[in-house]
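Just the structure for this:
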Amino acid sequence: MTNTYSGAKQLLLPDWYDRLLAILAIILMIAVVAAVAKGRDQWSVIPWQIWAHLGTLSIALILTPMMLWRKRGDRLHRRMGWAWSIAMVITALISFDIRQVNAGGFSFIHLLSVLTLSLVPLLIWEARRHKVGAHRSTVRGLITGALLIAGYFTFPFDRLLGDWLFG
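You can find the predicted model right below:
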């Protein structure tokens with residue numbers, strides 16, 4: 001993209017990919033809520049780390065469509081961006097203490113947590129430097145990989161949410 005004002009202004013408008021990511025975040029949030037509701041009888045045996053992880057990722061999932069569909073660059077966008085970034089970092093950090101699946105070891109999803117912890121500071125730096133195109137690319141990468149792909153991988157492969165939703 002160009003660095004002209006009109007090029008940057010164009011990047012502030014949602015496009016088809018932003019809309020798709022927002023819709024996928026909503027679908028994932030609905031699946032999480034449905035799974036948690038169906039697993040009600042097991043709530044008492046779930047460790048606090050999983051509840052905290054679900055809480056922080058839910059914040060990110062709820063904020064994602066709001067941020068992708070509305071005006072960007074204003075004060076509300078920045079505040080929601082900080083909340084989203086903090087939620088993503090906390091979600092990633094908590095994930096390192098969740099290792100019930102891989103015989104107590106780390107799994108592929110933990111690589112996405114490492115990626116999140118390295119990309120969120122970059123995302124913030126790009127926003128603070130008004131690198132709109134780079135910021136948008138980093139946001140899309142984080143939403144696609146760390147939020148959606150990681151989120152959807154919690155449903156198959158004998159994982160808790162998958163067991164609750166489909167079991």
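
so which helix or strand takes in the closest residue to residue 160 other than its chain neighbours?
Closest residue in space to residue 160, ignoring its immediate chain neighbours: residue 50 at 6.7 Å, by C-beta to C-beta, 6 or more residues apart in numbering. Every residue, glycine included, has its C-beta placed from N, CA and C. Element membership of residue 50 [criterion: DSSP states H and E] is helix 48-69.

and that helix, average pLDDT?
Mean pLDDT, helix 48-69: 96.

Let me see the contact set for the one residue sitting closest to the centre of the chain.
What sits nearest the mean C-alpha location of the chain, by C-alpha atoms, centre = their mean, is residue 147, with 3.1 Å. By C-beta atoms under 8 Å, 6 or more residues apart in numbering, residue 147 lies in contact with 25, 28, 57, 60-61, 64, 88.

hang on, isn't residue 126 packed against residue 141?
No. When contacts are counted by C-beta atoms under 8 Å, residue 126 is not listed as touching residue 141 (11.5 Å).

Between the two, which has more neighbouring residues?
Each of residue 126 and residue 141 has its neighbours counted (other C-beta atoms under 10 Å); residue 126 has more, 19 against 14.
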